[in-house]
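>>> pasting the structure only:
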């Protein structure tokens, strides 16, 4: 990997609609005022791609969206971030994946989600070899392809000389881990959250769960732990990195931002600890506003933030 890293973010692309200060759903046909309603590009591929692009990577989105106004909006927002969207396949018979996130005054954020076109993506829709100079493939949502197909995709990425990473969208469950097990030996970096690791493995200790995933074939497991920061485990190493002390507005997309920062750090030759620190710093940018595309930041500004901000 290098300074001009070229990345394909493959899989889940979503348009999020955020509604802030939702105190309740009005009865009948009544209405209620809220503070903010805005849309943002999201998903374990799309959201990660946004932050990677802001951190200086050349990003190509690969996935499926509907041939609908939601898709037009999502593609437009990704393009505004400098992402190449030419490999997003438009599916005529399904809608673009979308979520509505009503954020309560205490910060809770339940969600309504439509899987839409993400569920229709197949290997036939994906042509990694068409991306010139491709160095890294990030697969968001391998469960939609299934383990054998995801494994085939990631093996092809390795054959092209790329490194690989995976972020699972579904909650942690042993059956889900079994569903994607065939792809794990082809994963250089697995990027789950703490609940997923414990749910996938049945372990009571996060470190034990991460080690179990490494034993299943993953090269490195970098786990987000919310306000506690991140845990990184390989066959040879185990380390924790604390989160940064910021005022949290909305945690939507923080996991995707961590993934982007961590992967960008590795592309720049940073060690695992420094890469996890960059991931936590990128997540802190997103946590201070609404959506993955909150604010304006660059690799340099995130590094400056990390050097000057206390940890939790």
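Structure's in. What do you need? If you're wondering where the values come from, they're calculated on a predicted model, not measured in any experiment.
>>> Now do the strands in the chain.
Along the chain, counting by DSSP state E, strands occupy 6-11, 14-20, 36-42, 58-66, 84-91, 98-103, 112-114, 136-140, 163-167, 189-190, 220-224, 230-234, 238-241.
>>> Low-confidence stretches in the protein?
1-3 (pLDDT under 70).
>>> again, 90 this time
1-4, 20-21, 25, 103-109, 247-252, 289-295, 312 (pLDDT under 90).
>>> biggest helix in it by residues?
If you go by DSSP state H, the chain has its longest helix at helix 272-287.
>>> Including distance to residue 294 and mean neighbour count, could the strands of the chain go into CSV?
C-beta coordinates here come from the backbone N, C-alpha and C atoms, glycine included. Below are the strands of the chain laid out as CSV (distance: least, CB to CB, whole Å; neighbours: other CB atoms under 10 Å):
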stretch, distance to residue 294, mean neighbour count
strand 6-11, 19, 29
strand 14-20, 10, 23
strand 36-42, 8, 19
strand 58-66, 18, 26
strand 84-91, 21, 18
strand 98-103, 13, 20
strand 112-114, 20, 14
strand 136-140, 19, 28
strand 163-167, 19, 25
strand 189-190, 24, 26
strand 220-224, 17, 26
strand 230-234, 20, 23
strand 238-241, 22, 17
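>>> Nearest to residue 292, out of those?
In terms of CB to CB, the element of those nearest to residue 292 is strand 36-42, at 5.6 Å.
>>> strand partners of the closest one, parallel vs antiparallel please.
Next to strand 36-42 in the sheet, as set by DSSP bridges, lie strand 14-20 (antiparallel).
>>> what angle sits between the strand it pairs with and strand 58-66?
Interaxial angle, strand 14-20 versus strand 58-66 (axes from the mean of the first three to the mean of the last three CA atoms, to 10 degrees): 90 degrees.
>>> Contacts only, for the residue nearest to residue 294 when sequence neighbours are not counted.
Spatial nearest neighbour of residue 294, chain neighbours left out: residue 286 (5.6 Å); criterion: CB to CB, 6 or more residues apart in numbering. Shown in contact with residue 286 (CB atoms under 8 Å, 6 or more residues apart in numbering): 51, 252, 253, 254, 256, 257, 292, 294.
>>> out of the residues you listed, who's nearest residue 276?
residue 257 (12.6 Å).
>>> Tell me who's in contact with the closest one.
With CB under 8 Å, 6+ apart, residue 257 has these contacts: 47, 48, 51, 279, 282, 283, 285, 286, 292.
>>> distance of the closest residue to the third one other than its chain neighbours from residue 144?
What it means is residue 51. Leaving aside its sequence neighbours, residue 51 sits nearest to residue 260 (CB to CB, 6+ apart; 3.5 Å). Using CB to CB, to the nearest Å, residue 260 is found at 20 Å from residue 144.
>>> Counting neighbours around each, name which of the two comes out higher.
residue 260 (32 against 24; other CB atoms under 10 Å).
>>> Hmm, that one is touching residue 45, no?
No. Applying CB atoms under 8 Å as the test, residue 260 and residue 45 come out as separate, 10.9 Å apart.
>>> what's the angle from the longest helix of the chain to strand 230-234?
Relative orientation of helix 272-287 versus strand 230-234 (the same axes, to 10 degrees): 150 degrees.
>>> ok, and for helix 272-287, which residues are buried?
Under the neighbour-count criterion of 16 or more other CB atoms under 10 Å, helix 272-287 has 272, 274-287 buried.
>>> Equivalent analysis for stretch 202-217, please.
For stretch 202-217, by 16+ other CB under 10 Å, it's 203, 206, 209, 210, 211, 212, 213, 214, 216.
>>> Tabulate those in a markdown table, adding columns for distance to residue 222.
Shown next, in a markdown table, are these (distance: CB to CB, whole Å):
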| residue | distance to residue 222 |
| --- | --- |
| 203 | 17 |
| 206 | 12 |
| 209 | 13 |
| 210 | 9 |
| 211 | 13 |
| 212 | 15 |
| 213 | 11 |
| 214 | 11 |
| 216 | 15 |
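>>> of all those, which two lie farthest apart?
For the buried residues of stretch 202-217, the farthest-apart pair by CB to CB is 206 and 216; their separation is 15.7 Å.
>>> Quick check: the gap between the closest residue to residue 285 other than its chain neighbours and residue 45.
Sequence neighbours aside, residue 297 is the residue nearest to residue 285 in space, at 4.9 Å (criterion: CB to CB, 6+ apart). Residue 297 sits 20 Å away from residue 45, taking CB to CB as the criterion.
>>> which of those two has more neighbours?
Set side by side, residue 297 and residue 45 show more neighbours around residue 45, with 29 against 19, by other CB under 10 Å.
>>> Skipping adjacent residues, who's closest to residue 253 in space?
Per CB to CB, 6+ apart, closest to residue 253 is residue 292, 3.4 Å.
>>> what's the neighbour count on that neighbour?
29.
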